[in-house]
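[1] next come a sequence and a model predicted from it.
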There are 4 protein chains.
Amino acid sequence: MFFASDNWSGAHPAIGEALMREQSGYANAYGASPLDRKIEARFNDIFEREVAVFFVGTGTAANSLALSSVGRPGGVVFCHKDAHIANDEGGAPEYFTGGGRLATVSGPHGKMTPDELERIVARYPADFIHHGQPMAVSLTQSTEVGTVYGLDEIAALTTVAKKSNLPVHMDGARFANALVALDTTPAEMTWKRGIDIVSFGGTKNGCWCAEAIVFMNPEQAREMPFIRKRAAHLFSKTRFISAQLDAYLTDGLWLDLARHSNAMAERMRAAFRQSATARLAWETQSNEVFIVLPKGAAEAARKAGAQFYDWLTPADQPGLINDGEVLVRCVTSFATTEAEVDRFVSFLEAETLTQQ
Amino acid sequence: MFFASDNWSGAHPAIGEALMREQSGYANAYGASPLDRKIEARFNDIFEREVAVFFVGTGTAANSLALSSVGRPGGVVFCHKDAHIANDEGGAPEYFTGGGRLATVSGPHGKMTPDELERIVARYPADFIHHGQPMAVSLTQSTEVGTVYGLDEIAALTTVAKKSNLPVHMDGARFANALVALDTTPAEMTWKRGIDIVSFGGTKNGCWCAEAIVFMNPEQAREMPFIRKRAAHLFSKTRFISAQLDAYLTDGLWLDLARHSNAMAERMRAAFRQSATARLAWETQSNEVFIVLPKGAAEAARKAGAQFYDWLTPADQPGLINDGEVLVRCVTSFATTEAEVDRFVSFLEAETLTQQ
Amino acid sequence: MFFASDNWSGAHPAIGEALMREQSGYANAYGASPLDRKIEARFNDIFEREVAVFFVGTGTAANSLALSSVGRPGGVVFCHKDAHIANDEGGAPEYFTGGGRLATVSGPHGKMTPDELERIVARYPADFIHHGQPMAVSLTQSTEVGTVYGLDEIAALTTVAKKSNLPVHMDGARFANALVALDTTPAEMTWKRGIDIVSFGGTKNGCWCAEAIVFMNPEQAREMPFIRKRAAHLFSKTRFISAQLDAYLTDGLWLDLARHSNAMAERMRAAFRQSATARLAWETQSNEVFIVLPKGAAEAARKAGAQFYDWLTPADQPGLINDGEVLVRCVTSFATTEAEVDRFVSFLEAETLTQQ
Amino acid sequence: MFFASDNWSGAHPAIGEALMREQSGYANAYGASPLDRKIEARFNDIFEREVAVFFVGTGTAANSLALSSVGRPGGVVFCHKDAHIANDEGGAPEYFTGGGRLATVSGPHGKMTPDELERIVARYPADFIHHGQPMAVSLTQSTEVGTVYGLDEIAALTTVAKKSNLPVHMDGARFANALVALDTTPAEMTWKRGIDIVSFGGTKNGCWCAEAIVFMNPEQAREMPFIRKRAAHLFSKTRFISAQLDAYLTDGLWLDLARHSNAMAERMRAAFRQSATARLAWETQSNEVFIVLPKGAAEAARKAGAQFYDWLTPADQPGLINDGEVLVRCVTSFATTEAEVDRFVSFLEAETLTQQ
């Protein structure tokens, strides 16, 4: 019953096997090996255009260096107030952008709305030096609260951004989960809707450390090799990241893993939709489930070994939680089993009944 | 005949097996898993004292973040002019120290001399703001040109540093190679000789990405968790670094691999000491060998698939190379075989004779 | 009718005369002249304790370097959402703190409340690396909206800060205006209430460029000479700043100028308290006045040469402005005359009547 | 006998009067006043082309922000080993360029030679990430050791820079002194010889704080307003810098002051060319004079109140100083009088004779 986060999982066996295959022999260091080149090129196929790709080891690196590449002095990045870059990266985005600021945008269920984005961007007129200058918009797909931007919603946000000539970054730490939730293609979910740069995550979905920064316009990536090197994020044996991505992207493994992960979340959601005492806090579409539970039931589940995090009540849903209840987040992963989900659901149901 | 660098090698099978073992199951993310804690603690044994340990993925990260942790405004780091931090890290040390400067110190065979270090440090009086303020001394063990500081040499340098209250960092990308070359212990080679912080490298010696920043005084590491996080160098699945180090440090594997690597270099050195036409540029003690060759022989070897780098003639050895000759660097690794070395030596001998 | 800002004024004649006196002769550069030393020492008298003082040329430099001196990796500064550092310094505080974040705190009339401060600080537990670590609290005295923290209010905020071991910075760009409004002493308004570092502003109150960073605990200022130099904020002819401060601090000129400025604001406030159609948006205590006016009257005043800025309606006072009205800010200065105020008030009254 | 530095002087009376004239009245803050615009425009005339101009308060700010504006990740600036940016700015250039490196170039008498510049630039191939990437060339005019680059010398250096597409910055802290020494025009000494950005210094030549960053290509200055603001170097009452420059540039005052300063240096040089015991260390063309003296004479002069600095013997002139001698630097300024020079020369002559 490990639902703390998808990064508590290990690595898919196919990823491990790819690493094993790569361990013998010699290859050019620092991302110049044939395998590195081959996997970089495969991203052209995935995105259906010529892209520039940079492998890094953490999602925070992917996000921060991506933003750094479009950095401007006194720059301001617009993102949802729940965004990972705004809450969980220890200041890395601000650091790598030379003191950039994250101006947060409200919106229900973890999604910026175009109107609210426009309102906040308008606070930073392009030629007004005192407030700082707009630099980029960053959206998270799927979001931090388990929802997924629809294709039209993405297009609406990038339209606002383009009015101010702002590049748009997509934090795709859970890119695959969103993709299969929407049943669409990488091209449709990104550049065809105005996305310029993607943090393409593999770690949370079955790799052990494999993230790629993907530039839809390679020209925009001109300084990126130096940015990555200066940030100490260029691995000498980069081919071990490439090997992971090789397995990840072969025969649609990445999509299968995301589908499995989402299905496990849906299994949990379905159970709680019918529960008498626990309930879904809001509907989600990816591999995160937010549940309102009696506190006692949550504690009992933890004692029984279940792992999940408490979550702050969203400011815009003040009446969500009643006395004696708690809001928790459960995340499924490629490694989650039906049995784990069922055991967790049954445990909570039984416990809740007991407590009444 | 892959002698380009030890980071062109892959990973030792024991490392790969450790990764495979770790891939199933769940564990706390961000360095908080039981395995992470266990391997961190093992460094206490290795260094025979309570140390603070931080795993990162690249040697450049280890060096840069280590220096950042002792950073001071307008700070100056003193290192040999051939140091990796001064030449090969794309400005990462300067970046992570907020614009710190690397003041380079000369010295034969890649080693700073105490006198020269003292002379250069004296250029930056501690309370004179215009030049910048001394911040740290960094020495590379083994050095960039294959030599190894003796224990007395280390002590002499740290004595100079301590006179100016400067912490001393050891870039140990090839820590194990130096250790076995000196036939000493980590404690003797570091804190017993005045070293404060070590970049403990595993990648070049059989891991695929495993580096540790080791603080001899844990109090000095107080800000390090935040420094690493802000630099995006905290891995969510850190346990895959720990797993590598687990295998690496078990049953002295790391020392065995370094002994092998050094022995392969010695095998090559022995051959060239007796060669009629090629010769050692200087004596080395670790896993790097510097050879002066006829240009034609070098070219022929490359055509035959050998990999090695040309090297600049050291400024203090102007007459080292004659017309028609070239200086090259060969690096052996845990993966180098006797057959590879012998084939390379034989090839060059034959080729040289042919060309005469 | 120049009420755009107090920094639209020039310099008080006594300041100019001091500069003229200093212009002949020679003196040590870079802040080491006898006059520099003498004026630095005078701050000990003003603050009734041994302080460390650093002159700089802009208020943004004073604030940013002060915060930089207590900077921590991934650091978070807590300040009111209306704070100058959060809105008007082009990202300088974030830049000089190495990517620090400004976590903003709400509170009516430009003042943080202790409860709200505590609530926001609590979001950043001291040892939780992902959110960033608390670094400092910064409060503005007088505030950006013309109010002044009472001595008890300051003490209450610093008490919250000290619970989390946070140093407290006071942005005193309008320090003198607050001081005379409270009729208190620098010591009472700062360290006796828990303030650690003050940006002591002279520019807005009659100097042309004279700001001082004052550390109540000189030990905390150890790195400051290097921080200022590295930031290029050490003037070679610092004595011209010292000369300004010499005149400024002699015979209480600085307090007289602030009293005058505040009195001019009070003259304006008194008039609008009785006005039939214009009204004070909220009561202020220093040299800023916020007025709600008919739009037409504001436009007419501008056409007639009056200078003042429109102001955004505070989020917590949504019903402040009616249709056809506008909220404006008027700032008085040492240079404002009674005639200017009276002319402005009369003009608006007449104009408003006309428009009805 | 104040020859410590030209920034030990005060301000020319005309500068002071301009400040006095500006002190009354109101004007737009933050560089937007009519006077600011007028003086900015005057630089178009001075440089005989449309330029972009940014006023700042220190030479270090001018240099550092100029370099920051052409900054690149992992960037390397090439400058002479004696350059002010490399020795006397406390790390500001490195800081503001995000950890840029200063790669120093040797050359006799403070001047880079084109061959040596080319040799050092070649160490940083444009697409080789490990060493860092070339970013800019910076030359100092006049140099730190009193010499002046001839127009052809400037052209030769910028030709080398352009081959690598490097912008060229001129540190003109003593721009006027060089200009009158060469008897040429600003256009001839800068953009007509390939200079892109100039730090145009006024402080050392009679202003109290007035420096301008001048971009020959305004397009290159696009981010500069934000860079300056983020660095806290935008003064609210910028017009007091403009007022200084107004007086400075009116009726050729700046050139007259530089001519005077250079003439005083030449008076000193002429005396020491004929001296029996003291001698010029090398010939200079601007307002700095380097003299080799008997140590005793130097000490006696200091006791008599003379101010000057000892200077390190240049590495390429090892035999310059004999036992019992000392190398000193004397700097003249707009404020230096013939009487001061003559008294200094006579004193030294007398003292030297006494000591023999």
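    Cool, the structure landed.
[2] okay, and the helix or strand of chain A with the least pLDDT?
    helix A:338-355 (a mean of 87; mean pLDDT, DSSP states H and E).
[3] show me what it is packed against.
    Counting contacts by 3 or more CB pairs under 8 Å, 6 or more residues apart in numbering or on different chains; DSSP states H and E, the secondary-structure elements packed against helix A:338-355 are helix A:253-273, strand A:288-294, helix A:295-303. No exception for glycine: its C-beta is placed from N, CA and C like everyone else's.
[4] now do the phi/psi pair for the residue nearest the centre of chain A.
    Taking CA atoms, centre = their mean, the centroid of chain A lies closest to A:Ala173, which sits 2.6 Å from it. The phi and psi torsions at A:Ala173 (degrees, to the nearest 10) take the values phi -60, psi -30.
[5] let me see the confidence value for it.
    The per-residue pLDDT reported for A:Ala173 equals 98.
[6] what bridges to the residue nearest to it when sequence neighbours are not counted?
    In space, and not counting its chain neighbours, A:Ala173 is closest to A:Gly201: 4.0 Å by CB to CB, 6 or more residues apart in numbering or on different chains. Taking DSSP bridges, one obtains A:Glu211 as the residues bridged to A:Gly201.
[7] so A:Gly201 sits against A:Gly59, correct?
    Yes - in terms of CB atoms under 8 Å, A:Gly201 counts as a neighbour of A:Gly59; the distance is 5.5 Å.
[8] now the common contact residues for the two.
    When contacts are counted by CB atoms under 8 Å, 6 or more residues apart in numbering or on different chains, A:Gly201 and A:Gly59 are jointly contacted by A:173, A:211.
[9] all helices for the stretch 101-250 of chain A, in order.
    Counting by DSSP state H, counting those that start in this stretch, the stretch 101-250 of chain A forms helices over residues A:114-121, A:151-163, A:175-182, A:186-189, A:224-230, A:239-249, given from the N-terminal end onward.
[10] dump the fifth one to CSV, restricted to CA.
    If I follow you right, that is helix A:224-230. Included here for helix A:224-230 are C-alpha records, laid out as CSV according to Å, rounded to 0.1, in the frame of the first residue of the first chain:
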residue,chain,number,x,y,z
MET,A,224,21.6,24.8,-23.6
PRO,A,225,24.7,22.7,-23.8
PHE,A,226,26.6,25.3,-21.9
ILE,A,227,23.8,25.9,-19.4
ARG,A,228,23.6,22.1,-18.6
LYS,A,229,27.4,21.8,-18.3
ARG,A,230,27.7,24.9,-16.1
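[11] with distance to C:Ala83 and mean neighbour count as extra columns, can I get the helices of the stretch 101-250 of chain A in TSV?
    Written out in TSV, the entries for the helices of the stretch 101-250 of chain A read as follows (distance: least, CB to CB, whole Å; neighbours: other CB atoms under 10 Å in any protein chain shown):
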stretch	distance to C:Ala83	mean neighbour count
helix A:114-121	18	18
helix A:151-163	27	18
helix A:175-182	37	26
helix A:186-189	39	19
helix A:224-230	31	25
helix A:239-249	43	26
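[12] let's have these in JSON lines, adding distance to chain C.
    Formatted as JSON lines, the entries for the helices of the stretch 101-250 of chain A read as follows, by distance: least, CB to the nearest CB, whole Å:
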{"stretch": "helix A:114-121", "distance to chain C": "12"}
{"stretch": "helix A:151-163", "distance to chain C": "20"}
{"stretch": "helix A:175-182", "distance to chain C": "21"}
{"stretch": "helix A:186-189", "distance to chain C": "27"}
{"stretch": "helix A:224-230", "distance to chain C": "15"}
{"stretch": "helix A:239-249", "distance to chain C": "23"}
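[13] among those, which comes closest to C:Ser142?
    Shortest separation from C:Ser142 across the helices of the stretch 101-250 of chain A is recorded for helix A:114-121, at 27.9 Å, computed as CB to CB.
[14] what's the closest one in contact with?
    Surrounding helix A:114-121, the residues in contact under the criterion CB under 8 Å, 6+ apart are A:78, A:103-107, A:134, A:137, A:156-157, A:159-161, A:163-164, A:166.
[15] the same query, at a cut-off of 7 Å, please.
    Defining contact as CB atoms under 7 Å, 6 or more residues apart in numbering or on different chains, one finds that helix A:114-121 is touched by A:78, A:103, A:105-107, A:134, A:137, A:156-157, A:160, A:164.
[16] repeat for stretch A:155-173
    Taking CB under 7 Å, 6+ apart as the criterion, the residues outside stretch A:155-173 that touch it are A:59, A:63, A:66-67, A:70, A:83-85, A:112, A:114, A:117-118, A:121, A:126, A:134, A:136-141, A:190, A:193-201, A:204.
[17] related to what we said a few turns ago, and the helices and strands packed on helix A:338-355: which comes nearest chain C?
    Nearest to chain C among those is strand A:288-294 (17.0 Å), distances taken as CB to the nearest CB.
[18] what lines up beside that closest one in the sheet?
    The strands beside strand A:288-294 in its sheet (DSSP bridges) come out as strand A:279-280 (antiparallel), strand A:325-331 (antiparallel).
[19] buried deepest among the ones you listed, which one?
    Between the strands paired with strand A:288-294, the one whose residues have the most neighbours on average, counting mean count of other CB atoms under 10 Å in any protein chain shown, is strand A:325-331 (a mean of 22).
[20] could I have it exported to PDB, CA atoms only?
    As requested, C-alpha coordinates have been extracted for strand A:325-331 and formatted as PDB (Å, rounded to 0.1, in the frame of the first residue of the first chain):
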ATOM      1  CA  GLU A 325     -11.700  14.300   8.500                       C
ATOM      2  CA  VAL A 326      -8.400  14.600   6.700                       C
ATOM      3  CA  LEU A 327      -7.500  15.200   3.100                       C
ATOM      4  CA  VAL A 328      -4.900  12.800   1.700                       C
ATOM      5  CA  ARG A 329      -3.100  12.200  -1.600                       C
ATOM      6  CA  CYS A 330      -2.600   8.800  -3.000                       C
ATOM      7  CA  VAL A 331      -0.300   8.300  -6.000                       C
END
